[in-house]
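Trainee: I would like the atomic coordinates for the input below:
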Amino acid sequence: MPNRTKKFLSPEALEAVKNAIADAEKKTAGEIRVSVREKRAWSERSLQLEELAAREFRMLGMEKTIGRTGVLVYILLSERQFRIHADEGINQLVMPQVWQEIANRTAALFAAGSSQNGLVECVRAVGEVLAQHVPPVPNDTNELSNDVSIR
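Mentor: Predicted coordinates for the structure are as follows:
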């Protein structure tokens, strides 16, 4: 794990985030992933954060979920930025302001030096939104890994 990532999230914090994802997904048919990027590639220097998050979303195969109900929490450590990126099935149901409110609360926790709590709370809040709009269905399966993607 790269140094900046180790400072941001300890192995225990990564496990806490993974568990938060699993807990949140028990209440919804939606899928949540977290991706932590150390820094952008040179070839990505002209891309906006939104474009980077969309690329990561596709790279993780999140657009393949049933009902297009995936939500990615994308963190770019070198620039101290993050974005909540939802698939089209969720975007039809949830206003962008909802994600912005969650992002604002998460940013406040990050600024206070609590990356683990911030990320766990972000996942919980995303899970609550998903549970409201995409309730669990019978025989629902976990379509995506709950592990935090680090690169």
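
Trainee: remind me, longest helix of the protein?
Mentor: With DSSP state H applied, the helix covering the greatest number of residues in the chain is identified as helix 115-133.

Trainee: Mind checking the pLDDT average for the helix or strand following it?
Mentor: Using DSSP states H and E, the next helix or strand after helix 115-133 towards the C-terminus is strand 149-150. The predicted model assigns strand 149-150 a mean pLDDT of 95.

Trainee: try stretch 100-115
Mentor: Computed over stretch 100-115, the mean pLDDT rounds to 93.

Trainee: residues in contact with it?
Mentor: When contacts are taken as CB atoms under 8 Å, 6 or more residues apart in numbering, the neighbours of stretch 100-115 outside the stretch itself are 8-9, 13, 82-84, 117-119, 121-122, 125-126, 129. Where C-beta positions appear, they are placed from N, C-alpha and C, glycine not excepted.

Trainee: Only the buried subset of the residues you listed, as a ChimeraX command please.
Mentor: Isolation of the buried members of the contacts of stretch 100-115 (16 or more other CB atoms under 10 Å) is achieved in ChimeraX through the command below:
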select :8,9,13,82,83,84,118,119,121,122,125,126,129
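
Trainee: which intervals of this protein have sub-threshold pLDDT?
Mentor: In the predicted model, the chain carries pLDDT under 70 at residues 1-2.

Trainee: for it, what spans make up the strands?
Mentor: In the chain, the segments counted as strands under DSSP state E are 31-37, 70-76, 81-86, 149-150.

Trainee: which strands and helices sit next to the second one?
Mentor: In terms of contacts (3 or more CB pairs under 8 Å, 6 or more residues apart in numbering; DSSP states H and E), strand 70-76 is packed against strand 31-37, helix 49-59, strand 81-86, helix 115-133.

Trainee: hey, which of these is tucked in deepest?
Mentor: Among those, ranked by average contacts under mean count of other CB atoms under 10 Å, first place goes to strand 31-37 (a mean of 25).

Trainee: What is it packed up against?
Mentor: Using 3+ CB pairs under 8 Å, 6+ apart as the contact criterion, the neighbours of strand 31-37 among helices and strands are helix 11-25, helix 49-59, strand 70-76, helix 115-133, strand 149-150.

Trainee: mind running it again at 10 Å?
Mentor: Helices and strands touching strand 31-37, as assessed by 3 or more CB pairs under 10 Å, 6 or more residues apart in numbering; DSSP states H and E, comprise helix 3-8, helix 11-25, helix 49-59, strand 70-76, strand 81-86, helix 115-133, strand 149-150.
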